[in-house]
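Undergrad: Sequence plus predicted model, see below.
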Amino acid sequence: MSAEKLTTLPEAAALVRDGQTVAIQNMATQAAPMALVRELIRQGRRELGVVCLVGGIPVDWLAAAGAMNRLIGAAVSMEQFGLCQRYRKAVEAGAIRVEELSETALNARLGAGARNLPFLPTRGLIGTDLIDVNDNLVMLDDPFGGPSVVACKALVPDVALVHAHKADRFGNIGYEPTALWPDLGIMPKAATTVIVTVEEIVDSEVLRADPDRTVLPGFMVDAVVEAPFGAHPTSFYPRYGYDTAMHLEWIGAARDDEAVAGFMEKYVTGPADHAAYLEAVGGAKQLAAVEAWEQT
């Protein structure tokens, strides 16, 4: 019999320790495990290393809270909502150290970690200066006589944080028909510990009805938490879009220290749990009604 993986947000976040390297699934304004990010901030986590493909508001909130001191990724942006100002300020002040990679190089590093290989090659960085300033990247002659490649050292995050559509109590993770981001495909496979929040917990038979949509089997998952709207204020297609108003509210506050403190108290550190957060942003019923209207 498989072990049950169901737990609470506080218990799941407690698996992440200060100083660890944490891979966060997200693409700027899309599909971030925001409930877990808020819980890490509430628990006062410090000196985290963040791995992301394109970091957005979760990275900015972690930077605003002083929870992170390094980042490995391709970009940090909130797309049409602008730059991540707290992250930018921390980088400029030297509080966050950045290892900038191309998408292909990041996936090569994670891919090597997932496959227990010392490195994987890519050509995605050739012609840039990034190779010269990164000890994890080395030019390598092709032993078969072709053009040189970039050897990308294996990256094994301590923890991967993921948000998904559904799971059973044994940690089998199901995705509804949607774009499957490359970070979801490789980050959990590379990480030592995998924590997943989901929109709903379902019976195992529901997942067995669509086995091709089970993107992570239970034996790869260490903890699963039911957290409806767990990606809010980022989007989670096809369930809901990103919260434009909340992104704009954050952008309006992000350049001012006092405004940032007020925002974080109102939405991040103040609410006692995920249910309280949902009430602070309008309530689950109101969010569901808005999303239902927007999708018609």
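TA: Ah, there it is.
Undergrad: rest of the way, CA atoms for contacts and neighbours
TA: OK.
Undergrad: As CSV, could you dump the C-alpha coordinates of stretch 24-37?
TA: What follows is stretch 24-37, C-alpha atoms only, in CSV (Å, rounded to 0.1, in the frame of the first residue of the first chain):
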residue,chain,number,x,y,z
ILE,A,24,9.8,27.3,-7.8
GLN,A,25,7.6,26.4,-10.7
ASN,A,26,6.3,29.5,-12.5
MET,A,27,6.4,31.5,-15.7
ALA,A,28,6.3,35.3,-14.7
THR,A,29,2.5,35.7,-14.2
GLN,A,30,1.6,32.0,-14.5
ALA,A,31,1.3,28.9,-12.4
ALA,A,32,3.3,29.8,-9.3
PRO,A,33,2.9,27.9,-6.0
MET,A,34,2.0,31.1,-4.2
ALA,A,35,0.3,29.5,-1.2
LEU,A,36,3.6,27.8,-0.4
VAL,A,37,5.6,30.9,-1.1
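Undergrad: can you confirm Leu40 is in a helix?
TA: Yes: with DSSP: H, G, I helix; E, B strand; the rest coil as the criterion, Leu40 is assigned to a helix.
Undergrad: Roughly how far does the residue nearest to Val281 when sequence neighbours are not counted sit from Asp60?
TA: Counting by CA to CA, 6 or more residues apart in numbering, Val281 lies nearest to Tyr267, which is 7.6 Å off, once chain neighbours are set aside. Using CA to CA, to the nearest Å, Tyr267 is found at 14 Å from Asp60.
Undergrad: higher neighbour count, those two?
TA: In terms of neighbours (other CA atoms under 10 Å), Asp60 is the more surrounded of Tyr267 and Asp60; the figures are 25 against 18.
Undergrad: Report pLDDT for the more buried one.
TA: At Asp60, the pLDDT value in this model is 97.
Undergrad: and if you look at Leu125?
TA: 88.
Undergrad: list the contacts for it?
TA: Neighbouring residues of Leu125 by CA atoms under 8 Å, 6 or more residues apart in numbering: 101-102, 105, 131, 150.
Undergrad: can you put these in CSV and add secondary structure, pLDDT and distance to Ala95?
TA: Formatted as CSV, those follow (DSSP: H, G, I helix; E, B strand; the rest coil; pLDDT from 0 to 100; distance: CA to CA, whole Å):
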residue, secondary structure, pLDDT, distance to Ala95
Leu101, coil, 95, 19
Ser102, coil, 92, 22
Ala105, helix, 95, 24
Ile131, coil, 94, 23
Val150, strand, 96, 29
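Undergrad: So which residues of the stretch 51-200 of the chain form strands?
TA: 68-76, 97-100, 119-122, 137-140, 149-153, 159-167, 173-174, 193-201 (DSSP state E, counting those that start in this stretch).
Undergrad: who wins for proximity to Val54 among those?
TA: Across the strands of the stretch 51-200 of the chain, Val54 has its closest neighbour in strand 68-76 (4.7 Å, CA to CA).
Undergrad: The closest one pairs with which strands, parallel or anti?
TA: According to DSSP bridges, strand 68-76 forms sheet pairs with strand 48-55 (parallel), strand 97-100 (parallel).
Undergrad: Let me know which of those strands is the nearest to Glu279.
TA: When the strands paired with strand 68-76 are compared by CA to CA, strand 48-55 sits nearest Glu279, at 25.7 Å.
Undergrad: Tell me who's in contact with Ala114.
TA: So Ala114 contacts 156, 186-187, 189-191 (CA under 8 Å, 6+ apart).
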